[in-house]
Structures are given as structure tokens and as C-alpha cells.
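# need a 3D model of the following:
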Amino acid sequence: MRPILLDCDTGIDDAVALTYLACLHSQGSINLAAVTTTAGNTSAAQAAMNSRFVLDQCSLVDVPVAAGCAEPLEVPLVTTPETHGPLGVGYAKHSVDLPPARPGEWMRLWDEAIHEHEDLHLIVTGPATNLATYMQQRDRLPTHITLMGGAYLYPGNTTPTAEWNSWVDPHAAQVAFKHTPTPITVCSLEVTEQMVITPDDLPLLPEFLHPMLRFYFEFHQAQGEGYQAQIHDLLTCMVALGTVPYQAIPVTVDVETTSQLLRGTTVADFKNHWGRPHNACLVRDADVKAAKRELVGVVKQLL
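The predicted structure follows:
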């Protein structure tokens, strides 16, 4: 079973991705070692409660959850209640109340997972705050890292040039790409916006996701993108696990942190103008039809 550590900011698309991972764990295909959260779609503490709710709905009460960094490295936190709802899970309601996390609990979970699993795969679907913080304090890192973030020669979804995760904590994204010992697999908006769920898909998905997705449908419709939802984080998890065909190229990535106008803009050096070693493997295409079939096939155990 492939060991997985998920670091997320559980809004709605994270919740769908976590449901997928939880089902794979139950089926014995992966070992979901732990879930940690960062601040982005909602607060890190609320994201942890949302993650616990999803895992409980999937009968995974033993998978540990811990809230990570409460603030970006250098900029004030901004969350998105208009996108994911006041609690990050749309119209869904839950009464999960986690005890206050012990100081450093999330780092302890990372330490244990990395120590116990030589081939650990870290999947980061929120801002890179926890990843950058860990890199700055530890010598040993996961063997494989997959990150949802950035927009490369592609319109941003937060500013004209910046994707949300990279904009929320641009300094963390910059640190992650600067200090990673091996290239990070990157799923950017160019690819993840293609992964769409529609109302026709709801009967094929667990009921606890329905009120979340209806909120997300409404948000996308208000943005002029139709009554549907882009599920960025799910496709990122499938790429990380290799459960969906995809194509990627090696590049060198950097992130803009000094300009307010271009904050969080991700730049890929496709032609090696900088002369730096490659620090990313940028996914350029993925089979989203296969991804939809994969999701439906895996989560049907919850119907």
C-alpha cells in the first residue's frame, strides 16, 4: 500500500479529494498515514474539523488529523467564504469539534510518517505554508511531493496572473520550490480546471458531498463558468497516485513575492534561461474523462 500524507485546506474540492483517498485507504490501495491542514480556503483549525468530518463519513476514525500553520509565512491570511462557504464545506453542516492541537502536533505527524515510510508521498492541495515551514526546520523530506498550485502562461483565478494557493502564501511557494531536494510534481490551473463535476454526477457520489457541491455549483455559476464545479484537488491526488494518465515536463519554477500587483504569480522557465536545475515536473495534460470514471468507481462503496 502506497503511504500517503495529505496536507490540505479543506474546502469543497479538498473534501472530494479526501473522500477519494479515504475510499482507496479502505480498499487497501493506499495507506493514508495522516491528514494535516493549512490556512487558505478556511482557517487551519476549521480545515482540520472539516477533514475529520469527511474521514468520519468514510468510517476512517483512526486516521489522525492535525491543524498546521495558522498564518501564511509573511502576508496576512485571506480565506474564501464566498467560494467554499462560511465553514469551508458549502451548505454542509457538521458538529465536529477537535480538541486543541498540541504545539507541533502536525510536525510530529510528518516526522513519524517520513520516518516510517521511505517511499512516502506528500500531496499538498492547499497553500504551501506547512511544506515550507517543514523544509526550513527539518533535513529529511518526503520522497515524493505533488502540489496543486500556480498558473503557468495561463489566466489566474485570483488575480489575472495568480492561482489561489500560490497567492495566499507566495513566500511559502517560493521556499518550497527553492529548497525541494527533488522536483515537485505540479498540477496547475491549466490542467485542474478541466476536472469538472456537474449536477448529473451527484447521484454517483456520496450524499454528504451533495450540499457542498451545490454551493460550489452556485459559486461557479456566479463566476460565469456554468452550474458546475472545478475539482482541482481531486485531479491532483490522482496524478500523485498515477491513477489517471497524464503528461508532464521538467521545468524550473519561481514565484513572485515582491510585487503586490503580481503577488503569487508562478513562472516556469521552459527554455532554461535562468540556468538553474529543474525543481518541478509540470503537468500539462491529464485524462479528465478517465479521472471521472476513476472517482465514480472508487467512491461507489459509500453509496
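# going forward, measure contacts and count neighbours with C-alpha atoms only.
Noted.
# could you dump the longest strand along the chain to CSV, C-alpha only?
With secondary structure taken from DSSP state E, the chain has its longest strand at strand 246-255. Extracted as CSV, the C-alpha positions of strand 246-255 are listed here (Å, rounded to 0.1, in the frame of the first residue of the first chain):
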residue,chain,number,x,y,z
TYR,A,246,-1.1,12.5,-17.6
GLN,A,247,1.8,14.2,-19.3
ALA,A,248,4.4,16.4,-17.6
ILE,A,249,7.6,18.2,-18.4
PRO,A,250,10.6,19.1,-16.3
VAL,A,251,10.9,22.9,-15.6
THR,A,252,12.3,25.4,-13.2
VAL,A,253,9.8,27.3,-11.2
ASP,A,254,9.9,30.5,-9.2
VAL,A,255,7.2,32.6,-7.5
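# what comes into contact with the next helix or strand after that strand?
Elements were assigned by DSSP states H and E; along the chain past strand 246-255, the next helix or strand is strand 266-269. Among residues not part of strand 266-269, those counted as contacts by CA atoms under 8 Å, 6 or more residues apart in numbering are 150-153, 161-162, 166, 251-256.
# one more pass at 6 Å, please.
By CA atoms under 6 Å, 6 or more residues apart in numbering, the residues outside strand 266-269 that reach it are 150, 251-255.
# list the buried residues of it.
Under the neighbour-count criterion of 16 or more other CA atoms under 10 Å, strand 266-269 has 266-269 buried.
# strands paired with the next helix or strand after it, and their directions?
The first helix or strand that comes after strand 266-269 along the chain, using DSSP H and E, is strand 280-286. The strands beside strand 280-286 in its sheet (DSSP bridges) come out as strand 184-187 (parallel), strand 246-255 (antiparallel).
# just the terminal-to-terminal distance for stretch 51-65.
7 Å (CA to CA, to the nearest Å).
# just to revisit the earlier point, including neighbour count, could the contacts of strand 266-269 go into a markdown table?
What follows is the contacts of strand 266-269, written out as a markdown table (neighbours: other CA atoms under 10 Å):
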| residue | neighbour count |
| --- | --- |
| 150 | 31 |
| 251 | 20 |
| 252 | 23 |
| 253 | 26 |
| 254 | 20 |
| 255 | 25 |
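# from residue 151, how far off is the closest residue to residue 253 other than its chain neighbours?
Beyond its immediate neighbours in the sequence, the residue positioned closest to residue 253 (CA to CA, 6 or more residues apart in numbering) is residue 268, lying 4.5 Å away. When distances are taken as CA to CA, residue 268 and residue 151 turn out to be 9 Å apart.
# also residue 172?
Using CA to CA, one obtains 16 Å as the distance from residue 172 to residue 151.
# the two: which has the busier surroundings?
The residue with more neighbours, out of residue 172 and residue 151 and counting by other CA atoms under 10 Å, is residue 172; that gives 27 against 24.
# list the residues that contact the more buried one.
Here residue 172 is in contact with 128-129, 132 (criterion: CA under 6 Å, 6+ apart).
# and the pLDDT for it?
pLDDT, residue 172: 98.
# show me where this structure has its helices.
Under the criterion DSSP state H, the chain contains helices at 12-26, 44-57, 81-84, 105-116, 129-137, 164-168, 170-179, 189-192, 210-222, 232-241, 288-299.
# who touches the longest one?
Outside helix 12-26, the residues that touch it by CA under 6 Å, 6+ apart are 30-32, 89, 231, 233-234.
# and which of the contacts of residue 172 is nearest residue 71?
residue 129 (7.9 Å; CA to CA).
# can you tell me how far the closest residue to the closest one other than its chain neighbours is from residue 254?
Excluding the flanking residues, the one nearest residue 129 by CA to CA, 6+ apart is residue 172, at 5.1 Å. Here residue 172 is placed at a distance of 11 Å from residue 254 (CA to CA).
# count the residues that sit near residue 28.
The number of residues packed around residue 28, counting by other CA under 10 Å, is 12.
# the nearest residue to it once chain neighbours are set aside and residue 253, how far apart?
Here the nearest residue to residue 28 in space, its sequence neighbours aside, is residue 1; by CA to CA, 6+ apart that works out to 6.5 Å. Noted for residue 1: a distance of 31 Å to residue 253, by CA to CA.
# so which of the strands paired with strand 280-286 gets nearest residue 63?
Between residue 63 and those, the shortest separation by CA to CA is 24.8 Å, and it involves strand 184-187.
# mind listing what's buried in stretch 1-17?
Buried residues in stretch 1-17, counted by 16+ other CA under 10 Å: 3-17.
# repeat that for stretch 172-180.
172-178, 180.
# thinking again about what came up before, to residue 290, which of the strands paired with strand 280-286 lies closest?
Closest among the strands paired with strand 280-286, using CA to CA: strand 246-255, at 10.2 Å.
# out of the buried residues of strand 266-269, flag the one nearest to residue 185.
Residue 185 has its nearest neighbour among the buried residues of strand 266-269 in residue 268, at 12.8 Å by CA to CA.
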